[in-house]
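1. From the sequence below, what's the structure:
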Amino acid sequence: KYDKENNYFVSWPSIEFNERYIDSDPSGLNSVLGFDIDDQDILYILDQGKIAGETALESSIKVLKFSLTNSSLITEYIFDSEIADRNRSFLNDIVINKKKKLAYISDSGIDKNKNFKPGIIVLNLDSPSYVHRILDNHYSVYPDESFWLHIDNKPVDENDPMLTGADGIALSCNGDTLFFCPLTGRMIYSVLTHDIEEAIKNEKTDDIPVYHGFKKEASDGLLASSKGNLYMTGIETGSVHISTEIEPDLLRFDYKEFDGFKGNTSTMWPDTLAMHDGYLYFVSNQLNNFPNKRSRSEERRVGKECRS
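-> Have a look, this model is predicted:
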């Protein structure tokens, strides 16, 4: 959290809560990748549990619900191994459907032995026992094994293609359409949230209509705006792309041309997107430079567009 008075960042909600994993206590924050904030200042933190690729501790894979008003923990949603495998799951990002009181979570399914198990998790925020895994190992969440990710004209991994399943995830502002994409590949998919509910009710969670689109490059982060635009990062060129006219004709996504801007070395591997007061923010994680551990964050202003 940014401390405006002292002009530096502090551990949130506390140092102690962030360091419980050192004593093998899974109740704190172990490995946070995604979070979302609703209009009531409620923060949902996605803790994917795995540290340095090792098996996640029991009860460490979870979503934590915090009040930003007083930094208090309200609820925790812990996933069992049927929903999130302690070895094969890699929970990546989360979006909240306020209208339906549901959370949608992308599971990239990364496993150090390349035994992939990507999918989408649907969590009822009012009833933690209502949690389902959908599109499990479905082609729409699976990495494109023929795709070699290049950044700055260099392969991210010289020996093998970097294989990562469902990663970026976004929800239309009316709560009706869920967008998602594997990181490895250039396809994007969408599914109507009503179809998700029907599939869960009929126990056909891998038989959900999926609509396709083609992107210019691989993406990590996605974000939908109230004006019907879809923003997506372009990790191959350090860019952010914008797709217009996504709504209201959601059933005809088809192939789109994306407008945006091309970044530079300071915007390498743009990741999570956020929007506030007409500013679009994103993190530049420079993951392709690991294990050299050269990670930076960068902010850019991209047009005047409010999400709410």
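2. got the contact list for the closest residue to residue 207 other than its chain neighbours?
-> With Cβ to Cβ, 6 or more residues apart in numbering as the measure, residue 199 is the residue that lies nearest to residue 207, at 6.3 Å, once sequence neighbours are left out. No exception for glycine: its C-beta is placed from N, CA and C like everyone else's. With contact taken as Cβ atoms under 8 Å, 6 or more residues apart in numbering, residue 199 is in contact with 134, 205, 207, 208.
3. Now intersect those with the strands, please.
-> Filtering the contacts of residue 199 for membership in strands, criterion DSSP state E, returns residue 134.
4. For the contacts of residue 199, name the two members farthest from one another.
-> 134 and 207 (9.6 Å; Cβ to Cβ).
5. And the helices in the stretch 1-150 of the chain, which stretches?
-> Secondary structure of the stretch 1-150 of the chain (DSSP state H, counting those that start in this stretch): helices at 15-18.
6. all strands in it, in order from the N-terminus.
-> Using DSSP state E, counting those that start in this stretch, the strands of the stretch 1-150 of the chain run over 2-3, 8-9, 32-37, 42-47, 62-67, 72-78, 91-97, 102-107, 119-124, 131-134, 150-151.
7. possible to save those as JSON lines with mean pLDDT and distance to residue 282?
-> As requested, the strands of the stretch 1-150 of the chain are arranged in JSON lines below (pLDDT from 0 to 100; distance: least, Cβ to Cβ, whole Å):
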{"stretch": "strand 2-3", "mean pLDDT": "80", "distance to residue 282": "16"}
{"stretch": "strand 8-9", "mean pLDDT": "84", "distance to residue 282": "17"}
{"stretch": "strand 32-37", "mean pLDDT": "92", "distance to residue 282": "14"}
{"stretch": "strand 42-47", "mean pLDDT": "96", "distance to residue 282": "17"}
{"stretch": "strand 62-67", "mean pLDDT": "97", "distance to residue 282": "22"}
{"stretch": "strand 72-78", "mean pLDDT": "96", "distance to residue 282": "27"}
{"stretch": "strand 91-97", "mean pLDDT": "96", "distance to residue 282": "13"}
{"stretch": "strand 102-107", "mean pLDDT": "97", "distance to residue 282": "17"}
{"stretch": "strand 119-124", "mean pLDDT": "97", "distance to residue 282": "23"}
{"stretch": "strand 131-134", "mean pLDDT": "96", "distance to residue 282": "27"}
{"stretch": "strand 150-151", "mean pLDDT": "86", "distance to residue 282": "15"}
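8. Reformat those strands as a markdown table; add mean neighbour count.
-> Putting the strands of the stretch 1-150 of the chain into a markdown table (neighbours: other Cβ atoms under 10 Å) gives the following:
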| stretch | mean neighbour count |
| --- | --- |
| strand 2-3 | 10 |
| strand 8-9 | 8 |
| strand 32-37 | 18 |
| strand 42-47 | 21 |
| strand 62-67 | 20 |
| strand 72-78 | 15 |
| strand 91-97 | 24 |
| strand 102-107 | 26 |
| strand 119-124 | 23 |
| strand 131-134 | 20 |
| strand 150-151 | 18 |
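9. Need these in CSV (columns: distance to residue 171).
-> Formatted as CSV, the entries for the strands of the stretch 1-150 of the chain read as follows, by distance: least, Cβ to Cβ, whole Å:
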stretch, distance to residue 171
strand 2-3, 26
strand 8-9, 28
strand 32-37, 9
strand 42-47, 13
strand 62-67, 15
strand 72-78, 18
strand 91-97, 4
strand 102-107, 7
strand 119-124, 12
strand 131-134, 15
strand 150-151, 28
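10. quick one: which of the ones you listed is nearest residue 221?
-> Per Cβ to Cβ, nearest to residue 221 of these: strand 91-97, 7.5 Å.
11. Just give me the longest helix of the protein.
-> With residue count as the measure and DSSP state H as the assignment, the chain has helix 193-201 as its longest helix.
12. continuing past that helix, what's the next helix or strand?
-> Per DSSP states H and E, helix 193-201 leads on to strand 211-214 as the next helix or strand towards the C-terminus.
13. what helices or strands is that following strand leaning on?
-> In this structure, strand 211-214 makes packing contacts with strand 187-192, judged by 3 or more Cβ pairs under 8 Å, 6 or more residues apart in numbering; DSSP states H and E.
14. okay but residue 128 is in contact with residue 83, surely?
-> No: with contact defined as Cβ atoms under 8 Å, residue 128 does not count as touching residue 83 (11.0 Å).
15. neighbour-wise, which of those two wins?
-> For residue 128 and residue 83, the more surrounded residue by other Cβ atoms under 10 Å is residue 83, and the numbers stand at 20 against 14.
16. What residues does that one make contact with?
-> Neighbours of residue 83 in contact, by Cβ under 8 Å, 6+ apart: 121, 131, 132, 133.
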